Each structure stands twice: as C-alpha cells, then as structure tokens.
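A.B. asks: Got a predicted structure plus its sequence, pasted below:
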Amino acid sequence: MSGLKYPLITSLGFSAFILCAFFLHSLLQSDSNSQDLRLTTDEFISASEKELEALSQLTESSQFLAETNPSPELRQAARQALEQAQRTRGTLAREAAIYLKDNPTSVQRRRLNFIRTLSALPTPQSESLRRELTGIREALIANYRDAEICKDRTECRPRHSLYRILRTSRNTQELLSAWQEWHANSTHTRAPFTRLVELSNLGAQEIGFADVGEMWRSRYEVPPEKVERDITRIWSEVRPLYDALHCHTHARLQDRFGADSLPGDHIPAHLLGHMWGQYWTGIEDLLAPEANASTLNVTDLLIENKISPIDMFQMGERFFLSLGFDPLPTSFWRHSVIEAPTTHPIACQASAWPIDLDNRDVRIKMCTEVNATDFQTVHHELGHIYYYLAYAHQSPLFRRGADPALHETIGDTIALSLTPSYFQQLGLTEDNMQQDDLAFLLNTALDKLPRLAFGVALEQWRWGVFSGEITPNNYNASWWGIRETVQGITSPTPLTEETFDAGMFLHLVLGAPYENYSLALVQQFDVHRALCRATDHEGALHRCSIFGNQTAGNTLQETLAIGATRPAREVYEQLTGRRQTDAQALLEYFSPLQEWLEQVNRQRHCPR
C-alpha cells in the first residue's frame, strides 16, 4: 500500500473563493429581502435552499482550511463566513416558523422544519445579541483550541499528550495530574457558557421551542418528549449489562491500584483510561480475562504489518468497495488531512466534511495514529463520507441522514464487521487462528458501553441546563451527581462550584448535540443484525462480518441514497425491519460477555 500527500489549498486562492461566495450570497439575500414574506411557501423553500447551499459550501470550506492551516487570514475568513451563515440561518429559521403556521403540506412541513432547526445554537433576532452569542461561541472554541495545542501557554502539555498519559500510564499521580491539567482550562468558562445558554434559548423561543434541548430532540420527527423517553427506556435495558461491566472494572482497578484509590462505590474518573470516561479500552489490559486462545491485538497487528495511516484509510475504502460502493473521489485523497502536519499544529479532532456535494468534494481531517481505536475511527468517518456521496443527488434540504443518529450509525456498523475473520480474509492473520471471543467482546464493550453511559449523562445534564432545571450555581454538583448516578463515576478532586468540569468537553464547547451518538450506539447493533441476516449468516452475531457481501451492500446503498426524503422511521424500517430502536440486538451481541461477567462478579460486592 502506498501513501499520498495532501497539499493545502493556498490562502490566495481561497480568499478569492470567499469574495465570490460573499458576492453570490449578497445577490441571494437581496432577492430574498425584496420579496420578504410575499413568497409562496414553495418559493420560500426553494430560495432558502439555494441560499443555504451557497453558505454551506462557503462555511465548510473556510472552516476546514482554518482548522488545518494556522494562517490568520484563513481564520479571519472562517469567522466572517460563520458569522454570515449564523445571521442568515437565523433569519430563515424565523421566517420558516411563520410559514409553519400557514397549514403547509406534510412535505412542506418537513422542509420548513429542516430550515427552522438547521443551526444547533439558534441566534436571537436582535443584531447585538446575535453578535454577542457569536463572540461567546468563538471565545469558547478559541480557549479549547489554544489549550489543545498549548498556544501561548507555559508549563502546558497538549491535549493529545494528556490523553495518551491517561491511556497508557499506571501511575495514579501522573493520571491525576493529566486529568487536572486539562480540566483547569475550563475554570473561566462558566460565565460565558451560562450566557450562551441564555442567548441560544432566546433564539430557540423565537422559532417556537421552549428551549434548545427541545429543539434538538424535535429533529427526530416525533414529539421531543418521546426522544427523551426512548433514551431513558433504552438505557434501562442496557444498564444491567453496563453495571456488570462496571462491577468487574471497579474490582480489577482496586486490585491494581489498591482500595485507597477507589474508596467508594464509584470509580474516580482519572483511572478509566480516558479524559471523560467515554472509552475504557485504554485499561483493557487490567480487565481482560485469562486467554484460552490467541487474543487479537489490532494495534500490534497493524504495526507488525507496517500499516501506515494512509493504508488504514485505503483499507477502510476497500471495505466499502467490497460492498459495491464506488471508489472515493480523487479530490478526497488530494485535499484530506490524514496525518498531523509536521510544520504546524492543527485541531486534531477527527471529522468528515461535505465541502461541495455537487462536485463530490468530501474530505476528512484526522491526526491518525496507528492503533486499534483510530482504525475504528477511520471506518466511522468514512461512513459519513459515503453517506454524503450517496445522497448528493438529492435536493439540498434532503442532503442529510434520515435522522441525526443514523448518520453516526453507518460507519460504526461497518466497524462491527472488523472481526478476526475479516483480518484473516485480508491475509493479516493466520487462517487457523482461534479467537478468544470473551477478549474480543470485552474490547468491544469497553469501547461502546461507557460511551453510551456518558452520552446519556451528558444530555441529561445539558437538557436540564437548557430547561432551567439546573442552574449556574449548581453546574458542577449536578454534573457529577448525574455522572455518579448514570456512569458510576466520581470526580477525583473535591467538588466545588469554583470549577466547571464539563466546560472542556468539545461538544459542549461547540454547542453541538450528543443524543445522536447515544442512539447510534444502539442503532448500529440493530443495523448490523439486519445486514447479517441479509447475508444468511449463521452463528453468533459478534462473529458476523459483512465484508465482501454485495447483498448487504445493496441494502445499505439503497438506504443511504434516500437521504432525508422520507421520515426517519420509514427509512429505519426499510433498513432493519423495525420502526423503533431498542437494545435487543445489542444484548444479543454481548450475551456471552454478560454471562461471563455475571459469573465472575458472583463473589464480589457490586456497588450498582
């Protein structure tokens, strides 16, 4: 496998593009303002689509370059593009809310609701308040990005170094120091976050929602309260399995670090191998069962076979090709940033970008390292890329997943097929290798179940913040109270409202929803089971890989191509045969692990 280089677009060329895009936007805006609400509903939707698509190309391009290039000119251009987009999206959202009162058809209503909820943080109509909200969001993001790369900071370690310490160190003082250093960056973010909540709630109320949390939940085309009930129901189904994993983890960590390090029923957050306790794969070596067969270590496998980051993406593309998908566009390989540049620091959070779907310009930004976690992430991000390309032929408002969760589901569903048999098919392992199922399932569980628990806790907290049930003077206590209840995790330092421990989580900084990830963590098992049944797979669900199966690939391609042209539940039923998500498939997948956990926990005091 060979590598490719990814030259960045020059700032001169992009500046010219921005001037042209702003000129196009001004023409569209002028036309929209001149007609105002005299447009018919269909005319308004059509004009909005054109304007939003032009703005999308502008903002995606400018943000991508600003995140991958330190040029002040590019960053200023990105700020200008984002401000213009927020202003326009806010105006169109308020107009869409008015059209929704005029008894639109069901198709018109869906499109109007897409326009109304396009911005994750809706802006107020007041220009001064809109500018204030934009400034706060920019300041929070800048604080995060500066901390991430230690810009203009002394005695600072970059984010990736702190995360690596939490993943690899077994010294409790080193772990605590890394955890405290990152969280200290949020000390001064409580006040601006509080104001951000106030202003974005005002924007949500101006377009007909009680608060931002209700607006986020409305994007699933069911009553918002049903989304909340569904997540609560799903978590109650998964919780016995999670609690069994928590009990085993608590006991093994006590064995390793001593009872003094885990004095209570909850696990201190710095001991779990990840800054937020989302992934416990970093401590897998402390939790693994005694192997009765060869245990597949994907990180070692990739390194032994001299797989590079670019090779990892080519392997991911090969998986999709085996299902009948088209090769990735040449521009993807030319413009994507797949490894951290050696010349300058960049924001390393992995992300997929639909720059210009009319011209199949899609990209990924990721500081890829050769390890099992990043190999999974590669397939997750490629799931977004292939979803973008599949619905690129749809009209702009329907260029999205059937619902926000399904977009996160696709790549992770593919990753469930990265089984030992898949690596054998690639010739990377011996054909007669006998895999230890328990070790494989434990590794998968340490990746999936803590993320689900964290997502449930995060959105319980944020929905409470947006609704006003949780007040600013109780942010930290409520944050840890919910995490203790849901995750069984506690703060490693004494609680005080002088700190704001949630303040350096990226999705909170960005004002981005997270319930889609929680739902996707369950949906992926539903989709995996359905695709495995389509291949006539026999045997345990966790042993199924759809690699190379055209039948599964056809089903997947047909579903992705629908985009958002049909309601989500219809699309989900076409893909899985079921209209509602539950935890049945997830529990079936992990049933051998749950049996083992219940057995080893019998002689333990399980705190949950």
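C.D. replies: Cool, the structure landed. Since the model is a prediction, treat every value here as computed from it, not as a measurement.
A.B. asks: So residue 327, which state does it fall into?
C.D. replies: The three-state label for residue 327, taken from DSSP: H, G, I helix; E, B strand; the rest coil, comes out as coil.
A.B. asks: Can you pull out the low-pLDDT segments for the chain?
C.D. replies: Within the chain, the ranges that satisfy pLDDT under 70 run 1-37, 291-295, 431-435.
A.B. asks: quick one: the strands in it?
C.D. replies: If you assign secondary structure with DSSP state E, the strands in the chain sit at 267-268, 351-356, 361-365, 489-490.
A.B. asks: what packs against the last one?
C.D. replies: Contact analysis of strand 489-490 by 3 or more CB pairs under 8 Å, 6 or more residues apart in numbering; DSSP states H and E lists strand 267-268, helix 475-486 as its packing neighbours. Any C-beta I mention is one placed from the backbone N, CA and C, and that applies to glycine too.
A.B. asks: Reformat the strands of the chain as TSV; add mean neighbour count.
C.D. replies: TSV is the format used below for these (neighbours: other CB atoms under 10 Å):
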stretch	mean neighbour count
strand 267-268	23
strand 351-356	20
strand 361-365	24
strand 489-490	22
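A.B. asks: can you redo these as CSV with distance to residue 196?
C.D. replies: Rendered in CSV, the data for the strands of the chain read as follows (distance: least, CB to CB, whole Å):
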stretch, distance to residue 196
strand 267-268, 29
strand 351-356, 21
strand 361-365, 25
strand 489-490, 25
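A.B. asks: What's the end-to-end length of stretch 600-608?
C.D. replies: 15 Å (CA to CA, to the nearest Å).
A.B. asks: Residues in contact with that stretch: which ones?
C.D. replies: Contact with stretch 600-608 is made by 243-244, 246-248, 250-251, 264-266, 289, 488, as judged by CB atoms under 8 Å, 6 or more residues apart in numbering.
A.B. asks: let's go with 10 Å and repeat that
C.D. replies: Contacts made with stretch 600-608 from outside it, assessed by CB atoms under 10 Å, 6 or more residues apart in numbering, are listed as 239-240, 242-248, 250-252, 254, 262, 264-267, 289, 485, 487-488, 597-598.
A.B. asks: Highest mean neighbour count out of the helices and strands packed on strand 489-490?
C.D. replies: Mean neighbour count, computed with mean count of other CB atoms under 10 Å, is highest for strand 267-268 among the helices and strands packed on strand 489-490, reaching a mean of 23.
A.B. asks: quick one: strands adjacent to that strand?
C.D. replies: strand 489-490 (parallel) (DSSP bridges).
A.B. asks: who's in contact with residue 201?
C.D. replies: Each residue near residue 201 by CB under 10 Å, 6+ apart is listed here: 121-122, 124, 209-215, 465-468.
A.B. asks: repeat that with 7 Å
C.D. replies: 211-212, 466 (CB atoms under 7 Å, 6 or more residues apart in numbering).
A.B. asks: Closest to residue 536 out of those?
C.D. replies: residue 212 (45.5 Å; CB to CB).
A.B. asks: Check the gap between that closest one and residue 206 for me.
C.D. replies: According to CB to CB, to the nearest Å, residue 212 stands 12 Å off from residue 206.
A.B. asks: picking that back up, of the strands of the chain, which approaches residue 506 most closely?
C.D. replies: When the strands of the chain are ranked by proximity to residue 506, the top entry is strand 351-356, at 10.4 Å, counting by CB to CB.
A.B. asks: With the flanking residues excluded, which residue is spatially nearest to the residue nearest the centre of the chain?
C.D. replies: The residue at the geometric middle of the chain, judged as the C-alpha nearest the mean C-alpha position with CA atoms, centre = their mean, is residue 517 (5.7 Å). Leaving aside its chain neighbours, residue 517 sits nearest to residue 455 (5.1 Å; criterion: CB to CB, 6 or more residues apart in numbering).
A.B. asks: Report how many residues lie close to that neighbour.
C.D. replies: Here the neighbour count serves as a burial measure; for residue 455 (other CB atoms under 10 Å) it reads 23.
A.B. asks: thinking it is in contact with residue 520, fair?
C.D. replies: No. Under the criterion of CB atoms under 7 Å, residue 455 lies out of contact with residue 520, with a separation of 9.1 Å.
A.B. asks: Show me where the stretch 301-450 of the chain has its helices.
C.D. replies: For the stretch 301-450 of the chain, the helices defined by DSSP state H, counting those that start in this stretch cover 309-322, 330-335, 372-390, 404-415, 420-425, 437-467.
A.B. asks: Buried deepest among these, which one?
C.D. replies: Mean neighbour count (mean count of other CB under 10 Å) peaks for helix 404-415 among these, with a mean of 25.
A.B. asks: Run the angle between that helix and helix 309-322 for me.
C.D. replies: Put simply, helix 404-415 runs at 100 degrees to helix 309-322, going by axes from the mean of the first three to the mean of the last three CA atoms, to 10 degrees.
A.B. asks: helices or strands up against helix 404-415?
C.D. replies: For helix 404-415, the contact count by 3 or more CB pairs under 7 Å, 6 or more residues apart in numbering; DSSP states H and E identifies helix 372-390, helix 515-534 as packing neighbours.
A.B. asks: Dump the longest one to CSV, keeping only the CA atoms.
C.D. replies: Provided in CSV are the C-alpha atoms of helix 515-534 (Å, rounded to 0.1, in the frame of the first residue of the first chain):
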residue,chain,number,x,y,z
GLU,A,515,-28.0,12.4,21.9
ASN,A,516,-27.4,11.3,18.3
TYR,A,517,-24.3,9.4,19.4
SER,A,518,-26.2,7.7,22.2
LEU,A,519,-28.9,6.5,19.9
ALA,A,520,-26.4,5.5,17.2
LEU,A,521,-24.5,3.3,19.8
VAL,A,522,-27.7,1.2,20.0
GLN,A,523,-28.9,1.5,16.4
GLN,A,524,-25.6,0.1,15.0
PHE,A,525,-26.3,-3.3,16.5
ASP,A,526,-29.8,-3.3,15.0
VAL,A,527,-28.4,-2.4,11.6
HIS,A,528,-25.6,-4.9,12.0
ARG,A,529,-28.0,-7.7,12.8
ALA,A,530,-30.3,-6.8,9.9
LEU,A,531,-27.4,-6.8,7.4
CYS,A,532,-26.0,-10.1,8.8
ARG,A,533,-29.5,-11.7,8.4
ALA,A,534,-29.5,-10.5,4.8
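A.B. asks: In space, what's closest to residue 532 - neighbours in sequence excluded?
C.D. replies: Leaving out its chain neighbours, residue 532 is closest to residue 544 (CB to CB, 6+ apart), at 3.9 Å.
A.B. asks: how far away is that neighbour from residue 81?
C.D. replies: If you go by CB to CB, the gap between residue 544 and residue 81 works out to 44 Å.
A.B. asks: What of residue 560?
C.D. replies: Distance of residue 560 to residue 81, given as CB to CB: 28 Å.
A.B. asks: thinking again about what came up before, backbone phi and psi for the residue nearest to residue 532, please?
C.D. replies: Backbone geometry at residue 544, expressed as degrees, to the nearest 10, gives phi -80, psi 130.
A.B. asks: so residue 379 makes contact with residue 417?
C.D. replies: No. Taking contacts as CB under 7 Å, residue 379 lies outside contact range of residue 417: 8.8 Å.
A.B. asks: burial count for residue 111?
C.D. replies: 24.
A.B. asks: I figured it hits residue 45, correct?
C.D. replies: Yes. Counting by CB under 7 Å, residue 111 sits close enough to residue 45 to count as a contact (5.0 Å).
A.B. asks: got the contact list for the residue lying closest to residue 352 once chain neighbours are set aside?
C.D. replies: In space, not counting the residues next to it along the chain, residue 352 is nearest to residue 384; the distance is 3.6 Å by CB to CB, 6+ apart. Contacts here follow CB under 7 Å, 6+ apart; on that basis residue 384 touches 352, 407, 411.
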